[in-house]
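A.B. asks: Below are the sequence and a predicted model; questions follow.
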2 protein chains.
Amino acid sequence: MIAEIIAIGSEMLTPFRQDTNSLYLTEGLNNLGVSVAFKTIIGDNLAQLTAAVRTAISRADIVLFSGGLGPTEDDLTREAVAAALNLELHRDNDIVTDLYKRYAARKLVMPPNNAKQADVLAGATVLPNPNGSAPGQYLDTVVDGHRKILILLPGPPNELKPLFDNQAKPLLAATLPPRHLARRQLRMPLIPESQVDARTAPIYQQYSDIETTILAAPGEIQLHFITAKPTLAEAQARVDELTSRIEAEMQEDVYSSHGESLEEVVLLMLGLRHLTLSAAESCTGGLLSQRLTAIAGSSRYFLGGAVVYSDALKTSFADVPADLIATHGPVSAEVARALAEGIRTRTGSSLGISITGIAGPTPGTGPDAEKPIGLVYVALSDGHDTQVKQLNLFGDRERIRWWASQHALELIRRTLL
Amino acid sequence: MIAEIIAIGSEMLTPFRQDTNSLYLTEGLNNLGVSVAFKTIIGDNLAQLTAAVRTAISRADIVLFSGGLGPTEDDLTREAVAAALNLELHRDNDIVTDLYKRYAARKLVMPPNNAKQADVLAGATVLPNPNGSAPGQYLDTVVDGHRKILILLPGPPNELKPLFDNQAKPLLAATLPPRHLARRQLRMPLIPESQVDARTAPIYQQYSDIETTILAAPGEIQLHFITAKPTLAEAQARVDELTSRIEAEMQEDVYSSHGESLEEVVLLMLGLRHLTLSAAESCTGGLLSQRLTAIAGSSRYFLGGAVVYSDALKTSFADVPADLIATHGPVSAEVARALAEGIRTRTGSSLGISITGIAGPTPGTGPDAEKPIGLVYVALSDGHDTQVKQLNLFGDRERIRWWASQHALELIRRTLL
């Protein structure tokens, strides 16, 4: 069975707000073995909403609505569903009584428009809302010979979430065959999407029962696999099999097989080898350190380091000779090497990593004046050897800085393999 | 004219990812006087996507597509639009040549599947993509007697944004009646939304011709104002008037009146006073430095500093006496003060800022073992005085780190006012 989620509210069609309920609902549906095939975001307009309901029931088995159940003239979800399905709305006296009681408890008189929240679709089950005034509704019906389940939920997340979990999900679960879902995720850094696809498609295409998604994230490609089977063991075995075959093809390009981030994997490898790391960052200005320290527990393997944005700090915090900077420029293989070696010595860490480059949009100065924006050097010292990599990155400042930090992490990972 | 935005990609139907391009596209469309009435999010499925295209052209004048233009089998936007409109796709030899050149420039052989990115809808204008391999397409056509504009854009934001701004928007603007829109944005850090609303609603409610949106962003509240008038001067004067009245009410709580970020404002103030800054970060691990150095030109005022994640580095990079750490614990007002003073002296900057705290989820150790997660100290030294602020933050590690960096920036701003 496939689902559509319709989020109703004109504010979600502005540049400032977006639907987030659907992420929560999607996870809950997936856990029941239901995939979300469509999401629609629509404003508070009866004709448009009614047409969208018709479209949804023509293409999905389960339709979830979030929002549009309140007391105002803009709240039109009940009316739109009734119109689309040619159903009557009946005012439910128990709900009306509850609404009066809610107001009375706060010593307020209920404005008459509130009563519309008690309008229930013919045949629907009312889902009482302990956290708000508008109840939800659950309708299991037949449209043109096809079974359709419609679930109307209030928009505020603190009302929608418990109402969905505690009332809608059990009703839905009781009508669905028991299904068990398994997921895996492979991640590969610094590799083109097309290369990943060319090498993996011949494998994952043999698994038509597994939904495979290729996702290009900044500086990496992710492969997501998901499948549903009668038992969890079957589902897990099936995605594990595909994952293993893809790993065998992509070899060391795969850094993560359960969705860990690159920084998590680097910290894990440092931990396994009882190594510590420090960083001297110029153009990334703390981004690499920030990524590593964002991981809980990183303090055991990452000591810290220096943000050597100025030339003087390269000398005072990482012992880079001033004449080396003057001769080669701060963006040079020589300075990258000295930074990695210097920060390692100064912090007493096992490994020292350094990044120096021109992130733009303004070019370098002095000896760096002729060097292109996007030129970055990354160096890693272990006390015996120092590797230096020259990168020629493109894009804006944010992209160059991110990719530089990604290359630095990948240099550490490859070295520790 | 009303628009629909269709975001294509199965990953946006998972619990992990959502469409964000539509926020950017909506702002650009609104600036041209076009409202977004529908958003659809749909997976990489040809039949479903083709049907969604038909639905969109039946209810909107302008349809924007983001995603599905890449080289993989999952990239189906071109094919779906062609099917929905009964149009032919022609392979464009110029684009094919460009694709070969892109690969040749990187000394790679182009996989044959890449050529499908050169398939162009009959009648469409190609929108070259300087930041990626898949060009956009712009089709101004007539369907069943109604004019329809379809704009196909690549999914990655760094490709979509410039392509939309520089190529699609000018084509669209040329076909639409001129309209003049003015916006302003006020930002206030570290203040509750309810307080902002209580103080400003009596003012902005007097301007019913201005659309006011209150937005709670991490660590700050933003007020967005937008209005359309026959001339730009009228529109600008009207939002400027409201903005001035709100600024008069909120006084120094307002840090930005044209949408600048807090880090941009701090760098600007440093520049105006010819001051330099350095930072010693413990629990934020480089986040503050990273935020400052993300701004182009920051190197003139921000020298850098140290990520003093370990106790030893607090001593070796910022001269914090080891016995001070042993006595009070690294998370203490005393250590925060010493860090700010030490990093200022060691770097020779005008101001030194420090952050030390317990970001969680694991508690502190040694003398910090009894201190609560969320306890953070921020200190600022100017060589004469050192201010120390104690913060009691709540939330997860990410939230505590972000708010700590926000408090540090706000301490600098308030000091420089």
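C.D. replies: Noted; the coordinates are in hand.
A.B. asks: roughly how far apart are the closest residue to A:Asp209 other than its chain neighbours and A:Asn31?
C.D. replies: Of all residues beyond its chain neighbours, the one nearest A:Asp209 is A:Thr227 (5.7 Å), with distances taken as C-beta to C-beta, 6 or more residues apart in numbering or on different chains. Where C-beta positions appear, they are placed from N, C-alpha and C, glycine not excepted. In this structure, A:Thr227 and A:Asn31 are separated by 14 Å, where distance is defined by C-beta to C-beta, to the nearest Å.
A.B. asks: Also A:Lys39?
C.D. replies: 18 Å.
A.B. asks: Out of those two, name the residue with the larger neighbour count.
C.D. replies: Summary of the neighbour comparison: A:Lys39 and A:Asn31, criterion other C-beta atoms under 10 Å in any protein chain shown, with A:Lys39 having more neighbours (26 against 14).
A.B. asks: Confirm A:Leu303 sits in a helix?
C.D. replies: No: using DSSP: H, G, I helix; E, B strand; the rest coil, the secondary structure at A:Leu303 is strand, not a helix.
A.B. asks: That one and A:Leu277 touch, don't they?
C.D. replies: Yes: counting by C-beta atoms under 8 Å, A:Leu303 touches A:Leu277, with 7.0 Å between them.
A.B. asks: Between those two, which contacts overlap?
C.D. replies: Contact with both A:Leu303 and A:Leu277 is made by residues A:Ser349, according to C-beta atoms under 8 Å, 6 or more residues apart in numbering or on different chains.
A.B. asks: Could you list the low-confidence segments of chain A?
C.D. replies: Chain A contains no residues with pLDDT under 70.
A.B. asks: Can you give me the domain boundaries for it?
C.D. replies: Chain A breaks down into these domains under automatic domain parsing: A:2-175, A:180-253, A:264-416.
A.B. asks: Point out the most buried one among the ones you listed.
C.D. replies: Most buried of these by mean neighbour count (mean count of other C-beta atoms under 10 Å in any protein chain shown) is domain A:264-416; its value is a mean of 21.
A.B. asks: Return every residue with contacts to both of A:Thr227 and A:Asn31.
C.D. replies: Contact criterion C-beta under 8 Å, 6+ apart; residues shared by A:Thr227 and A:Asn31: A:Leu181.
A.B. asks: Contact partners for A:Thr227?
C.D. replies: Counting by C-beta under 8 Å, 6+ apart, A:Thr227 touches A:181-182, A:207, A:209-211, A:235, A:238-239.
A.B. asks: now do A:Ser349
C.D. replies: By C-beta under 8 Å, 6+ apart, the residues touching A:Ser349 are A:276-278, A:303, A:343.
A.B. asks: Which one of these is nearest to chain B?
C.D. replies: A:Leu303 (4.4 Å; C-beta to the nearest C-beta).
A.B. asks: and the gap between that closest one and A:Val320?
C.D. replies: Between A:Leu303 and A:Val320 the computed distance is 19 Å (C-beta to C-beta).
A.B. asks: Over to A:Phe225?
C.D. replies: Using C-beta to C-beta, we find A:Phe225 at a distance of 46 Å from A:Val320.
A.B. asks: Going along the chain, name the strands of the stretch 51-200 of chain A.
C.D. replies: In the stretch 51-200 of chain A, strands defined by DSSP state E, counting those that start in this stretch lie at A:62-66, A:89-91, A:119-121, A:125-127, A:136-143, A:146-153, A:180-189, listed in chain order.
A.B. asks: didn't A:Leu268 look like it was pressed against A:Leu262?
C.D. replies: No: between A:Leu268 and A:Leu262 there is no contact under C-beta under 8 Å: 10.6 Å.
A.B. asks: Pull up the residues of the stretch 301-417 of chain A that are close to chain B.
C.D. replies: The stretch 301-417 of chain A comes close to chain B at residues A:302-310, A:312-313, A:316-317, A:346-348, A:360-362, A:394-399, A:401, as judged by C-beta under 8 Å from any C-beta of the partner chain.
A.B. asks: Isn't A:Asn216 up against A:Glu193?
C.D. replies: Residue A:216: Ala, not Asn. Yes: contact criterion C-beta under 8 Å: A:Ala216 and A:Glu193 qualify, at 4.8 Å.
A.B. asks: list residues touching both of the two?
C.D. replies: Common contact partners of A:Ala216 and A:Glu193 (C-beta under 8 Å, 6+ apart): B:Gly70.
A.B. asks: Check the contacts of A:Thr227 and tell me the two furthest apart.
C.D. replies: When the contacts of A:Thr227 are compared pair by pair using C-beta to C-beta, the farthest-apart members prove to be A:Leu181 and A:Tyr207, with a separation of 15.0 Å.
A.B. asks: mind listing what the residue lying closest to A:Asn158 once chain neighbours are set aside touches?
C.D. replies: Distances taken as C-beta to C-beta, 6+ apart place A:Asn131 nearest to A:Asn158, at 5.6 Å, with adjacent residues excluded. A:Asn131 is in contact with A:156, A:158-159, A:162-163, counting by C-beta under 8 Å, 6+ apart.
A.B. asks: Let's see that with 7 Å instead.
C.D. replies: Residues in contact with A:Asn131, defined by C-beta atoms under 7 Å, 6 or more residues apart in numbering or on different chains, are A:158-159, A:162.
A.B. asks: try A:Val331
C.D. replies: Going by C-beta under 7 Å, 6+ apart, the list of residues near A:Val331 reads A:356-358, A:364, A:368, A:371, A:375, A:377.
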